[in-house]
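Asks: Here is my input; please provide its structure:
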Amino acid sequence: MDVTEPIAWRDRFAADELSLLARVECGMSLAADVSRADISLLIPQGEDAALVIAQAFPRSIASLYRSSWVGRSLALEDYPRVAVGLREGRRTPEFRRNLLSEGTPIVVQVLPIANSAGQTIAVLKIETNLIAWERHRRRHDSFRAAVGWLQEMTLAGELASAQSLSPFGEWDGILYVDQSLTIRYLSGIANNLYRRLGYLTDLHGKHIGDLNTKDELLVREAMQSRACQEHEVLEGSRYWTRKVVPLWGADVSRWPFGSRSPRSTPRGALIMVHDETEEREKALELHVKSTMIKEVHHRVKNNLQTVASILRMQSRRSADSEVQTQLSEAVNRILAVAVIHEFLSHDDDQAINIRDVCQRIVTQTQRAALAPDKQIALRVQGPVIHLPSQQATACALVINELLLNCLEHAFTGREQGNVLLQLTDQGDQVIIEVLDDGIGLAEPADGGAPSSLGLTIVRTLVESDLKGQFTMARADPGTRVVIRFPKEARGAG
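Replies: Residues are numbered from 1 along each chain as shown. So this is what the prediction gives:
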């Protein structure tokens, strides 16, 4: 029986019991990573079922589960060891071939969690695939004891500080040092990591202080504070992340567990080491490349603005009004492209906010192309829409041409008017509408040949670059232009 819990389970527990369960959950992720096991927290649900209220998947090994079981109700007749743990408060390590979908043989341990009065209120179900369990069984006794203490601390809610730690990964090294700070266990990965620092001899049995590293300081800090610690340190030329977990517990001589007394005696610490030198070097390379690319966009923007300034000077010196008009339109087209490069020069993300681009072009058009005696209001409406730089460039040129077309033709003989630029995001496609309340089209333009260079540019950009559709028709009043085009996947093209 696997069903979703229909009522709030928290109402069944006292405040101190809820606090204990919350602290247990905080430690489950670390325990799952170090134990290389899936861990579930279950509470009683009536007499014949148990409810999964929390679950931790290991990051150091493939999980046995494809999805979370949190909220599922499990029939105790199908999980007899869970029944024993909840009803009798007994821990029940067992080995069996679990009938998961893959038929994976696993080892299951059920460990009861008791409140301050000694009553069992929940259990931890720890499931390890048989290969990982056999590998762990062959590890040194001291490390198996350390894992036992770690799991006992999880049961008692003594690993709440582990919630702040970054995950323990498959390629991270792990050490166990005893209460005298002597190295009693060193994983093969950890051994290789320390070799990168020049420690070529066997480190087993050495005092952690004999290493010219910051390990001893971090371990002492964790032991004194009784809280997990994580630090990024520079060791030689390498960047390391160290996580230190202080351990307390009774004598646990073999795995699984011995008696329960998680903080009775200090037992040393687990040190988990991650070498992030390569990640940092890659991040630095990406940062350098990003900075160079942004600088290129900045220079392109400056060069385009310089070209635009030269064309303005040439326009002012020309006595031919037609030449002045053509040069003015060329200036606006150049500045529309410069807007895109300006966005790319400031933002690491190659997706560009097309609404901001529209607003910038509207402001630019008002300054450059709107006659002083005209009172034409240009507005932008619609949501923020992010597009790849190639699509954003085409949109900028299209919007520029449409606004210039409105200002040139829609308000002939009129001194006032309105132009609305409306953006619509339909998920997989974008709609751009330009609506004016001007004099309207003299004759239908949709489906016919464009009557100006600007409209020719618009139609070409929409159909060839944006792979979209362009329509232009009379409105009441004025003209309505609609552009529809599909969104490109980011990074495409």
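Asks: Now stretch 323-339: buried residues?
Replies: Buried residues in stretch 323-339, counted by 16 or more other Cβ atoms under 10 Å: 324, 327-339. Yep, even glycine has a C-beta here, placed from its N, CA and C like the rest.
Asks: Can you give me every residue that contacts Asp436?
Replies: 406, 410-411, 417-420, 475, 478-479 (Cβ atoms under 8 Å, 6 or more residues apart in numbering).
Asks: Show me those that map onto strands.
Replies: In this view, the contacts of Asp436 that belong to strands under DSSP state E are 417-420, 479.
Asks: Which one of those residues is nearest to Tyr185?
Replies: Leu420 (70.9 Å; Cβ to Cβ).
Asks: Quick check: bridge partners of the closest residue in space to that closest one that isn't next to it in sequence?
Replies: Distances taken as Cβ to Cβ, 6 or more residues apart in numbering put Leu435 closest to Leu420, at 4.7 Å, once the chain neighbours are dropped. Listed by DSSP bridges, the beta-bridge partners for Leu435 are Leu420, Arg480.
Asks: ok so, going back, relative to Glu17, which of the buried residues of stretch 323-339 is nearest.
Replies: When the buried residues of stretch 323-339 are compared against Glu17 (criterion: Cβ to Cβ), the nearest one is Val339, at 60.6 Å.
Asks: Now do the strand or helix carrying the closest one, average pLDDT.
Replies: Secondary structure from DSSP states H and E places Val339 in helix 321-346. Taken as a whole, helix 321-346 has a mean pLDDT of 78.
Asks: so where do the strands sit in the stretch 151-300 of the chain?
Replies: 173-177, 183-186, 229-235, 238-248, 266-275 (DSSP state E, counting those that start in this stretch).
Asks: Distance to Thr365 and mean neighbour count added to those, as CSV?
Replies: Listed next are these as CSV, based on distance: least, Cβ to Cβ, whole Å; neighbours: other Cβ atoms under 10 Å:
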stretch, distance to Thr365, mean neighbour count
strand 173-177, 61, 25
strand 183-186, 69, 21
strand 229-235, 50, 16
strand 238-248, 50, 22
strand 266-275, 53, 23
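Asks: In JSON lines: the ones you listed, plus mean pLDDT and distance to Ala22.
Replies: Compiled in JSON lines, those are given as follows (pLDDT from 0 to 100; distance: least, Cβ to Cβ, whole Å):
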{"stretch": "strand 173-177", "mean pLDDT": "95", "distance to Ala22": "26"}
{"stretch": "strand 183-186", "mean pLDDT": "94", "distance to Ala22": "31"}
{"stretch": "strand 229-235", "mean pLDDT": "87", "distance to Ala22": "21"}
{"stretch": "strand 238-248", "mean pLDDT": "91", "distance to Ala22": "19"}
{"stretch": "strand 266-275", "mean pLDDT": "93", "distance to Ala22": "23"}
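Asks: Looking at these, which is nearest to Leu311?
Replies: Leu311 sits nearest to strand 238-248 of all these, at 51.3 Å, using Cβ to Cβ.
Asks: between the closest one and strand 229-235, how many degrees?
Replies: 150 degrees (axes from the mean of the first three to the mean of the last three Cα atoms, to 10 degrees).
Asks: and the angle from strand 238-248 to strand 173-177?
Replies: Going by the same axes, to 10 degrees, strand 238-248 makes 40 degrees with strand 173-177.
Asks: If Arg474 is in a bridge, with which residues?
Replies: Bridge pairing for Arg474 (DSSP bridges) gives the partners Thr479.
Asks: re earlier: do you know the pLDDT at the residue nearest to Leu420?
Replies: 92.
Asks: filter the contacts of Asp436 to the buried ones?
Replies: 406, 410-411, 417-420, 478-479.
Asks: Same list (those residues) but as JSON lines, adding distance to Ala227 and pLDDT.
Replies: Listed next are those as JSON lines, based on distance: Cβ to Cβ, whole Å; pLDDT from 0 to 100:
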{"residue": "Cys406", "distance to Ala227": "66", "pLDDT": "85"}
{"residue": "Ala410", "distance to Ala227": "70", "pLDDT": "82"}
{"residue": "Phe411", "distance to Ala227": "71", "pLDDT": "83"}
{"residue": "Gly417", "distance to Ala227": "68", "pLDDT": "88"}
{"residue": "Asn418", "distance to Ala227": "64", "pLDDT": "90"}
{"residue": "Val419", "distance to Ala227": "62", "pLDDT": "90"}
{"residue": "Leu420", "distance to Ala227": "59", "pLDDT": "92"}
{"residue": "Gly478", "distance to Ala227": "69", "pLDDT": "87"}
{"residue": "Thr479", "distance to Ala227": "69", "pLDDT": "90"}
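Asks: Correct me if wrong, but Met28 is in a strand.
Replies: No - with DSSP: H, G, I helix; E, B strand; the rest coil as the criterion, Met28 is assigned helix and is not in a strand.
Asks: correct me, but it touches Ile39?
Replies: Yes - counting by Cβ atoms under 8 Å, Ile39 is a contact partner of Met28 at 5.0 Å.
Asks: Return every residue with contacts to both of those two.
Replies: 55-56, 124, 154.
Asks: and of these, the nearest to Ala269?
Replies: Checking these against Ala269 with Cβ to Cβ, the nearest one is Thr154 at 15.7 Å.
Asks: separation between the closest one and Trp133?
Replies: Distance from Thr154 to Trp133, counting by Cβ to Cβ, to the nearest Å: 18 Å.
Asks: Give me the more crowded residue out of those two.
Replies: Higher neighbour count among Thr154 and Trp133: Thr154, with 32 against 20, using other Cβ atoms under 10 Å.
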